[in-house]
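*Asks:* Need a 3D model of the following:
(chains A, B and C)
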Amino acid sequence: MLTLIVLLPLLGFLLNGILATQLGGNRVGKPFVIAVGCGLPLLAFALVVNLVFDLQARGWTPLVETAYRWATVGDSQFEIAFYFDRLSAVMALVVTGVGSVIHIYSVGYMAHDKSFGRFFAYLNLFLFFMLLLVLGRSLLVLFVGWEGVGLASYLLIGFWYDDLANARAGKKAFITNRIGDAGFLLGMFVLFQALGTLDMDRINAAFAFTGASAPAVSASLVGILLFIGATGKSAQIPLHVWLPDAMAGPTPVSALIHAATMVTAGVYLVARMSGVYLQAPEASMVIAVIGVATAFFAATVAMVQTDIKKVLAYSTVSQLGFMFLALGVGAYGVAIFHVVTHAFFKACLFLGAGSVIHALGGEQDLRKMGGLAGRIPVTFITFAVSTAAIAGLPPLAGFFSKDEILWYALASSSGGSVLLFGVAALTALMTAFYMFRLLWLAFLGRSRMEPEVEHHVHESPWSMTGVLLLLAVLSAVGGFIAVPQFLAPQLPLPAVQETMQHFHRPLLVLSVLLALGGLAGAAYVFGGPPARAEALRARYAGLHRWLSGKYFIDELYEWLIGRPLVWVSDRVFLRLGDRRVLDGALDGMAALGQRGAALLGRVQTGQLHLYAWLVLIGIVGALLWSWRHV
Amino acid sequence: MDKTQLLLGLAVSLFALGLLGVIVRRNVLVMLMCLELMLNGVILSLVTFAYQTATTVGAVLVFLVFVVATAEIALAIPIVLLLVREKRTLNLDAYNELKG
Amino acid sequence: MIDTLLQSLDTLLLVAFSLCALVGAALMLVLRQPMRVAIALISTMIFLGGIYGLLGVHFIAAFQVLIYVGAVMLFMVYVIMLLEVREATEAPYSRLLWPGLAGFVLLVGTIGISIWRGAPPPAAVADGTTFGISRFSVSFLNEYWLHFELTSVLLLAAVVAAVAVIKVSRKADSKRRHG
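*Replies:* Numbers count the residues shown, from 1 in each chain, chains lettered A, B, ... in the order given. Have a look, this model is predicted:
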């Protein structure tokens, strides 16, 4: 059954990829593409739901299914096996569920695109690899899925490849991922050498032993190495640079891959390997610090972005930072909870943004929007609900998950501290602020649109608004799905420090206040006349420039890494290595032959005297040779 | 040092002197004559071996060598004549068209 | 050894003829004018003929003088006279004089040592009748008749070549006169 679930999207990829693209001659029409491209993921979702009920009937003991023995090397076996337990169930439901609705949304969004079939083929391919990732039993299968979603991401970011900038963004995403993957691979090597297996359940079990029978490798080392991989995939500092550029892809792609599923793969990895991280306090601290730093940093940048999708991209980076913060303090179940709620409201936000872009005929600049609330009401309402959810207003989904994160950041006995909490709380405030800023600039206030654009503003078709409504409802009520408690038997919640026990109630109130504070701030600055926002910007012009430039990190990387690499490639490898050494060696050998021949040709002087003398020498030589046997 | 060794030594010396002459002398005609000297050295060695082994094989070979030598000189000299008429010199250094 | 030498006139003559032949050969390399070189060669050949006679192969000695000196060297002398080479203004030796001498020493040394080491003792001494012309001609025409026929073919080829050379030389002449 698990194998079937994984293979269904692959089948969709093959069918659409071959029949519905230029490769196969565009043999089928749109209805076929839609049927295969949306139908198969929906079927997979249904099968996952069915499987969850099966799991419940079995008392939640994990399901293991071996599909294929890949290789046998010495004493070790490498199998393609699938593993279904509570964590996999949650992830699979999100992936297939949210994935399927985004597929449906794409029907409307990409309706006029000339590569309709190719888009659905790539989406299905992504879904296949993502399912490999979340359902795989061993790190090897996970890694195949890991790389595969990177590939699908590259293909989809650069979907409109006629524009070179899109292709470059795709390349940047892939390469940045690969850098993280180096750490991941090293972690796999270390684990395999120490334990002889890459099956994640076995690894967690092995690390549960402490003292004499503990594994012969530092858990922190493994933890850090695997986290480096997660940094690349989940866009944490310092490998976050690819996510904002990835907005070059179509909006459903941004929603599915860069909000709901692929970027959460890092979170899933750490949560899955909780057995290792429970024994690695140093690694956990690193994760928490990087998580909260990323969250803070991305929130500051999001406050000044002018592209609607870029705001959402930085918001995603920031929310991922929150998830890693939760992982770092031991609250693995809470992090997964945030993954689920984030999938709901972030997908809704991105798809809403897509709806806005669709309505405006391609405009993405916030400075040219405004006053859309009345014109595209469904989009506005769903967008507003999701914004409230991400800001943390109760009783919407984001409130519950974010509040849990803040609580454990403060009070967890495995790493919680006031400092972490302080930064996280500040970030929460900023999150509310910039999200409501987005809402105001895009939908409310006076219209700043171009006249021709304003003329053609229209609500999106039902394939798009229907999905928006569904996701908005889930953002509203999703918080009541008690994910952490559901996962607790597998991913236990960390113990709370005694001194912090009684701060729980006040913290709840503080969370609400932060959300409302952000709302009020945004309403004040951006809800009033434009001069207010302008004055604020003018007062902090330097800071504004610094934030707008994203702290100039891309430029730093280019100067620090990009330019030296290009220099080395050009000077050392191209000019020295390739031209001088390799070509020189080949040319040298040819020249050697030529010069040698020329040298030998000097024997033929045409003078008979020389020839006769050579005959004499030859005779002497032959005679001396014949003396060997005398 | 018996007869055979003496004669063989003489034959070798004649051969070597002839070869030296081919290498050393510039005049074409002198070179031809040194070739004949080499041939005489070979004939002497053949005769010595015939004498030594008391068979007639050596003498027969000598007879045939005479024939060949005659035929050779009958043709070599006209060729040299023609060449000399072309080049108008008897200096062998002028005959180097096979250079390179 | 000197006693035996002195006692045997035969051996004395052999040594004397050998020395003279050697001197004549050496003179060939030293003399400047071609005619003088030809005379030296003729003298060497005649001394060689004497050696053959002392060894008992009289008809070979006769052929040496008749054919080699009488035909080959005469032809050579005619050509020298035809080309009227008298002057010896240019240097007689080529550029390879010293390398040539070195090679000469090497060659003589190498062969000399080979002979000195490995010469087998004489198997049988030939008497006068071994190389008598009757016995020679009988064995020649019985066992080596094929070689005889082949040399006649060779002579035919030489005649044809001579005719061809005449034709070439006539053509060259006419081209020079009329071309």
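
*Asks:* buried residues in the longest helix anywhere in chain B?
*Replies:* Determined from DSSP state H, the single longest helix within chain B is helix B:57-87. Of all the residues in helix B:57-87, those buried under the rule 16 or more other Cβ atoms under 10 Å in any protein chain shown are B:58-67, B:69-78, B:80-81, B:84. All C-beta spots, glycine's among them, are computed from the backbone N, C-alpha and C.

*Asks:* Keep only these that also lie close to chain C.
*Replies:* Filtering the buried residues of helix B:57-87 for neighbours of chain C using Cβ under 8 Å from any Cβ of the partner chain leaves B:59-60, B:62-64, B:66-67, B:69-71, B:73-75, B:77-78, B:80-81, B:84.

*Asks:* which other helices and strands contact the longest helix of chain B?
*Replies:* When contacts are defined as 3 or more Cβ pairs under 8 Å, 6 or more residues apart in numbering or on different chains; DSSP states H and E, helix B:57-87 sits against helix B:28-53, helix C:58-63, helix C:74-83, helix C:133-143, helix C:145-178.

*Asks:* Give me the contact status of the shortest one with chain B.
*Replies:* Yes. Using Cβ under 8 Å from any Cβ, we find that helix C:58-63 touches chain B at C:Ile60, C:Phe63.

*Asks:* Can you give me the buried ones in that helix?
*Replies:* C:His58, C:Phe59, C:Ile60, C:Ala61, C:Phe63.

*Asks:* between the residues you listed, which is nearest B:Leu35?
*Replies:* C:Phe63 (19.1 Å; Cβ to Cβ).

*Asks:* From A:Ser401, how far off is the residue nearest the centre of chain C?
*Replies:* Nearest residue to the geometric centre of chain C (Cα atoms, centre = their mean): C:Met45, 5.8 Å. Separation of C:Met45 from A:Ser401 (Cβ to Cβ, to the nearest Å): 124 Å.

*Asks:* just B:Thr48 next, same as before
*Replies:* Distance, B:Thr48 to A:Ser401, by Cβ to Cβ: 118 Å.

*Asks:* for A:Arg602, same thing?
*Replies:* Counting by Cβ to Cβ, the gap from A:Arg602 to A:Ser401 is 88 Å.

*Asks:* which one of these two has more residues nearby?
*Replies:* The neighbour count for A:Arg602 versus A:Ser401, taken as other Cβ atoms under 10 Å in any protein chain shown, is higher for A:Ser401 (29 against 9).

*Asks:* Spit out the contact partners of the more buried one.
*Replies:* A:Val334, A:Phe337, A:His338, A:Val340, A:Thr341, A:His342, A:Gly479 (Cβ atoms under 8 Å, 6 or more residues apart in numbering or on different chains).

*Asks:* of the residues you listed, buried ones?
*Replies:* The neighbour count (16+ other Cβ under 10 Å) marks A:Val334, A:Phe337, A:His338, A:Val340, A:Thr341, A:His342, A:Gly479 as buried among the contacts of A:Ser401.

*Asks:* List just the nearest of the residues you listed to chain C.
*Replies:* A:His342 (94.4 Å; Cβ to the nearest Cβ).

*Asks:* Which single residue in the stretch 51-200 of chain A comes nearest to chain C?
*Replies:* Closest point on the stretch 51-200 of chain A to chain C, by Cβ to the nearest Cβ, is A:Gly74, at 66.6 Å.

*Asks:* Counting neighbours, what do you get for that residue?
*Replies:* A:Gly74 is flanked by 6 other residues according to other Cβ under 10 Å.

*Asks:* Phi, psi for it please.
*Replies:* phi 60, psi -120 (degrees, to the nearest 10).

*Asks:* Which pLDDT value goes with it?
*Replies:* Looking at A:Gly74, its pLDDT stands at 83.

*Asks:* Below-threshold pLDDT in chain B: ranges please.
*Replies:* B:1, B:100 (pLDDT under 70).

*Asks:* try it again with 80
*Replies:* Applying pLDDT under 80 to chain B flags the ranges B:1-3, B:54, B:98-100.

*Asks:* A:Ala259: what's it in contact with?
*Replies:* Shown in contact with A:Ala259 (Cβ under 8 Å, 6+ apart): A:Leu312, A:Thr316, A:His342, A:Ala343, A:Lys346, A:Ala347, A:Leu349, A:Phe350.

*Asks:* at 6 Å what do you get?
*Replies:* A:Thr316, A:Lys346, A:Ala347, A:Phe350 (Cβ atoms under 6 Å, 6 or more residues apart in numbering or on different chains).

*Asks:* ok, now A:Ala295?
*Replies:* With Cβ under 6 Å, 6+ apart, A:Ala295 has these contacts: A:Ser318, A:Gly321, A:Phe322, A:Thr427.

*Asks:* and if we set it to 8 Å?
*Replies:* Per Cβ under 8 Å, 6+ apart, neighbours of A:Ala295: A:Val317, A:Ser318, A:Gln319, A:Leu320, A:Gly321, A:Phe322, A:Leu325, A:Val423, A:Ala424, A:Thr427.

*Asks:* Roughly how far does the third one sit from chain B?
*Replies:* From A:Gln319 over to chain B the distance is 82 Å, taken as Cβ to the nearest Cβ, to the nearest Å.

*Asks:* just checking, that residue touches A:Lys346?
*Replies:* Yes. Taking Cβ atoms under 8 Å as the definition, A:Gln319 is a contact partner of A:Lys346 at 7.0 Å.

*Asks:* Can you pull the residues that touch both of the two?
*Replies:* Going by Cβ under 8 Å, 6+ apart, residues that sit against A:Gln319 and also against A:Lys346 are A:Ile390.

*Asks:* pLDDT weak spots in chain C?
*Replies:* For chain C, the ranges with pLDDT under 80 are C:1-8, C:84-92, C:94-95, C:114-132, C:169, C:172-173, C:176-179.

*Asks:* repeat that for 70
*Replies:* Ranges of chain C meeting pLDDT under 70: C:1-7, C:85-90, C:118-131, C:179.

*Asks:* what residues go with each domain of it?
*Replies:* For chain C, the structural domains run C:1-86, C:132-179, going by automatic domain parsing.

*Asks:* contacting residues for residue 37?
*Replies:* Just so you know, I chose chain A. A:Gly37 neighbours (Cβ under 8 Å, 6+ apart): A:Gly12, A:Asn16, A:His103, A:Phe120, A:Ala121, A:Leu123, A:Asn124.

*Asks:* wrong one, chain C
*Replies:* Per Cβ under 8 Å, 6+ apart, neighbours of C:Val37: B:Val30, B:Met33, C:Leu27, C:Met28, C:Leu31.

*Asks:* switch to 7 Å and redo it
*Replies:* Neighbour list for C:Val37: B:Val30, B:Met33, C:Met28, C:Leu31 [criterion: Cβ atoms under 7 Å, 6 or more residues apart in numbering or on different chains].

*Asks:* quick one: it is in a helix?
*Replies:* Yes. Checked against DSSP: H, G, I helix; E, B strand; the rest coil, C:Val37 lies within a helix.

*Asks:* measure it to A:Leu582 for me?
*Replies:* Look at C:Val37 and A:Leu582: by Cβ to Cβ, they are 63 Å apart.

*Asks:* Please report phi then psi for A:Gly361.
*Replies:* Note on A:Gly361: its backbone torsions stand at phi 70, psi 30 [degrees, to the nearest 10].

*Asks:* looking at the domains of chain C, which is closest to A:Phe78?
*Replies:* From those, taking Cβ to Cβ, the stretch that ends up closest is domain C:132-179, at 82.1 Å.
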